[in-house]
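Colleague: No sequence on hand, only this structure:
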Ligand code: GAL
């Protein structure tokens, strides 16, 4: 088991989110019985219900959840109990207004809504610690409990903090990091625009500033600080729960959100990670048709791959079961028949062993009366409940799959420094988001799945070497340690693919006075002599890929657009080869893509942002394109991914289209749902999912 995972489900498990406090007590038993009848054996409860346990400061009442948990134990229902820190009670925010988060201007958010607190107010930490302690002490050994959820969606809704408590904690964070103001001034380049600090009290969380003239180096530390704050808030709760929970019960939280090192949080505080998957966001009523993409809900496979990078065998705490919408925003149509199953199977295909639907019944009160659950307000059996039951029958047939590994053809490298730099640097953001989208889309359309790998301090080159090819699209910030790790990976035989703008910043986001790509030049053999955004006023820029190589892929002349940004290369090394040259603009004839061999591996340096076309070409050139082609021929409209274990493989084929899709099975395989051998042409109905099992 990987370091960040202490708990794994031992069978495919189905759950639902339930709110006993939203319903008359007389409904509880009937609800639990109907859930069990549908195959639901776990419920998540209590994550917003602080008042049900502490209705007044220091006054604790345990009857409400005690009765409910006893009923669950009687019926045989397992429970994941949520800590309620996402919604502090009104008595608390009234008495201690310093617990509130503030907007950029320092104006506190009012009570109501949720996640309106900050992580650094000492009184909030005390009160949260106390209620978590009380919950642990009273319910920790209850037989119905199977796990604990910390807070709810840490850093969702808001992931920026501007309260006075945060301001003070930011200074402490910086004092610990830099020791002296001189070191801080140096790290932040404060000599620019006369920002030099002469007293720690002058140092503040950034903003609001005229014309967004933020100091990017200060901003980068601010995001690191937010991450530290969220992580220590989570750890505080986990440490308490660990003292009370039963040995086999797990601690989790439901992510993944921004400005937070989710990997470290999982390592430090959690036994298993869960995710809330709402692919129906792709069909929002307000979606701008001009900017919509043909991959729609398939983009959730990218989010699920991110979760898998934190925790290989994760769970889904909230899986879409009905239409989304608050009274104030996020309107969307109801999931079409079949989509509930499609999206739940999408999660399973990407690595989930636990699927918990959100929520049992649509709420009749509050902001979320349009965030629909399995049942509607009228509480009658409906098509969604019927689909959950059908899903369960299929899910059971996948039991052997529980705990199996996802098959990735290549790795997508990331790191938190670069991720947070894209928050503060629009140039960086533009290239990073365009490339990530293109890499994901090319991978989906060509059925070439990938894993995300976050470069972290303790990482070894062996972890990288599990992937024959790694794409690190734009490592703008580069450190010596990371460059050395990448060097080892290449030496050991790996193929590293980099895009434009690599290596021009150091870890504080300051530009380095080195020929680009800076610390990576020894690997790439490329020398960036000029660079520019492509001009919207000119023709698109193209590159022609050379024919001189023996590799079949590049034998015929290929011309690709070099989108968004162009690095214009010269060779910095006699061993470096030119793979493509620009064919127009003022740099026509100059190198656009270079390749250099080092040790047993090689580095390919692309001078632009990645497009679908370029990704496909590079995956083909490096020999990892479409790994399941020998088994199934599938059109672009379906997703094909594999999980495998102990010589068995399960190939998931998911039709995301509202129309039938035809696939061709090139060898006989076992259809898991039909329980028989199949081969040849097969038509998948709209939104249908098939799983084919093979011995490998
Ligand atoms: C999630 C959240 C749930 C519920 C749901 C629908 O983000 O965790 O509590 O609000 O969205 O809005």
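Modeller: Here it is on my side, so go on. No experiment lies behind these values; they were computed from the predicted model shown. Numbering: from 1, shown residues only.

Colleague: what sits against the closest residue to residue 200 other than its chain neighbours?
Modeller: Leaving aside its chain neighbours, residue 200 sits nearest to residue 171 (5.3 Å; criterion: C-beta to C-beta, 6 or more residues apart in numbering). For the C-beta atoms, the positions are set from N, CA and C on the backbone; glycine is no exception. Each residue near residue 171 by C-beta atoms under 8 Å, 6 or more residues apart in numbering is listed here: 200, 201, 203.

Colleague: helix or strand for residue 171, which one?
Modeller: helix 164-178 (DSSP states H and E).

Colleague: Run through the residues of this protein sitting next to the ligand.
Modeller: Residues of the chain lying near the ligand by C-beta under 6 Å from any ligand atom: 152, 153, 156, 276, 318, 358, 368, 371.

Colleague: coming back round to it: show me what whichever helix or strand comes after the helix holding residue 171 packs onto, helices and strands only.
Modeller: Using DSSP H and E, the next helix or strand after helix 164-178 towards the C-terminus is helix 181-188. On a contact count with 3 or more C-beta pairs under 8 Å, 6 or more residues apart in numbering; DSSP states H and E, helix 181-188 meets helix 164-178, helix 216-244.

Colleague: which residues of the stretch 451-600 of the chain score low on pLDDT?
Modeller: Applying pLDDT under 70 to the stretch 451-600 of the chain flags the ranges 547-556.

Colleague: May I have the beta-bridge partners of the residue of it found nearest the ligand?
Modeller: Nearest to the ligand in the stretch 451-600 of the chain, going by C-beta to the nearest ligand atom, is residue 452, at a distance of 21.5 Å. Note on residue 452: beta-bridge partners by DSSP bridges are residue 412.

Colleague: does it really touch residue 312, like I thought?
Modeller: No - proximity of residue 452 to residue 312 does not meet the contact threshold set by C-beta atoms under 8 Å, at 11.5 Å.

Colleague: Would you mind naming the helix or strand containing the residue of the chain at minimum distance from the ligand?
Modeller: Across the chain, no residue is closer to the ligand than residue 371, which sits at 4.2 Å (C-beta to the nearest ligand atom). Here residue 371 sits in a region with no helix or strand, counting by DSSP H and E.

Colleague: which one is it nearest to, not counting chain neighbours?
Modeller: residue 324 (5.6 Å).

Colleague: count of residues packed around the one you found?
Modeller: Residues within reach of residue 324, counting by other C-beta atoms under 10 Å, total 23.

Colleague: Surely the residue of the chain closest to the ligand is in contact with residue 363?
Modeller: Yes - shown here, residue 371 and residue 363 form a contact pair, counting by C-beta under 8 Å, at 7.3 Å.

Colleague: Of those two, which one has the most company?
Modeller: residue 371 (22 against 17).

Colleague: before we move on, what SS does the residue nearest the centre of the chain have?
Modeller: Nearest to the geometric centre of the chain sits residue 306, at 3.7 Å (C-alpha atoms, centre = their mean). Assigned with DSSP: H, G, I helix; E, B strand; the rest coil, residue 306 falls in the helix class.

Colleague: from here on, count from 21
Modeller: Understood, numbering begins at 21; the last thing we discussed is residue 326.

Colleague: returning to what we had before: need the pLDDT of the residue nearest to residue 391.
Modeller: Turning to residue 344, the model gives it a pLDDT of 95.

Colleague: can I assume it sits in a strand?
Modeller: No - checked against three-state DSSP, residue 344 lies outside a strand; its state is coil.

Colleague: who's in contact with it?
Modeller: Residue 344 touches 298, 300, 301, 350, 351, 352, 390, 391, 392, counting by C-beta under 8 Å, 6+ apart.

Colleague: same thing but 6 Å
Modeller: Counting by C-beta atoms under 6 Å, 6 or more residues apart in numbering, residue 344 touches 300, 350, 352, 391.
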